[in-house]
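**Student:** Need a 3D model of the sequence below.
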Amino acid sequence: MTIKFAKQLFLGAGIYGALVIAPMFFLENLVSKLDPPAITHAEFYYGFVCTALAWQIVYLMMSRDPIRFRPMLLPAIVSKAGFGISAFVLCSQERLPTPNLVFPSIDLLLAAIFIWAYVALGALSLPKPTEEE
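**Tutor:** Have a look, this model is predicted:
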C-alpha cells in the first residue's frame, strides 16, 4: 500500500459516506413509510445520522495524512464492521429484509480494506534502518 492509495481510500470512503448519509436528514418520513413501523424516537434517528456524518468527516481528515491518523483506523474498523455484522445477524434472525444488506455489505468491505490499511500503514510508519545499523 502506498500513501497515495491510502489517501484515495479515505477520501473515497468519506465522500461516499457523506453522499449516502447526508440525504437521510431529509428522509425521516420516507423511511417511516417504506420501512414500517414509523420512526418513534426521532432523536435516535438524527443522532445516528449526525454520528455517521461525523465519521465521514474523520475519513476526509484521514485522507490528508494517513500515517498520522492511522490510530483512528481502529474505531473506524469497529464502526464499519459493527454495522455490517449487526445487519447480517439481524437478517439471519429474519428481523431485516435481505435487500437491506446492500449498504452493510459495502461497510464490511470497507472494514476489511481498513484492516489492510492499518497493517500496511504500520509497516510504512516504521523508521527505515540506516547503514550504520
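**Student:** Look up the closest residue to the residue sitting nearest the centre point of the chain, ignoring the ones flanking it.
**Tutor:** Against the mean C-alpha coordinate of the chain, by CA atoms, centre = their mean, the closest residue is Lys80 at 4.3 Å. Counting by CB to CB, 6 or more residues apart in numbering, Lys80 lies nearest to Ala111, which is 3.8 Å off, once chain neighbours are set aside. Placement of C-beta: from N, CA and C, glycine included.
**Student:** residues contacting the residue nearest to the centre of the chain?
**Tutor:** Contact analysis of Lys80 by CB atoms under 8 Å, 6 or more residues apart in numbering lists 107-108, 110-111, 114.
**Student:** again, but for Ile113
**Tutor:** Leu9.
**Student:** From Asp107, how far out is it?
**Tutor:** 11 Å (CB to CB, to the nearest Å).
**Student:** sorry, back to before: can you put the contacts of Lys80 in JSON lines and add distance to Ala87?
**Tutor:** Formatted as JSON lines, the contacts of Lys80 follow (distance: CB to CB, whole Å):
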{"residue": "Asp107", "distance to Ala87": "8"}
{"residue": "Leu108", "distance to Ala87": "9"}
{"residue": "Leu110", "distance to Ala87": "13"}
{"residue": "Ala111", "distance to Ala87": "12"}
{"residue": "Phe114", "distance to Ala87": "17"}
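**Student:** so how far is the strand or helix carrying the residue nearest to Lys80 from its chain's centroid?
**Tutor:** For Ala111, the enclosing helix or strand under DSSP states H and E is helix 102-125. Offset of helix 102-125 from its chain centre (CA atoms, centre = their mean, to the nearest Å): 9 Å.
**Student:** and it, which residues are buried?
**Tutor:** Within helix 102-125, the residues scored as buried using 16 or more other CB atoms under 10 Å are 104, 106-108, 110-111, 113-115, 117-118, 120-121.
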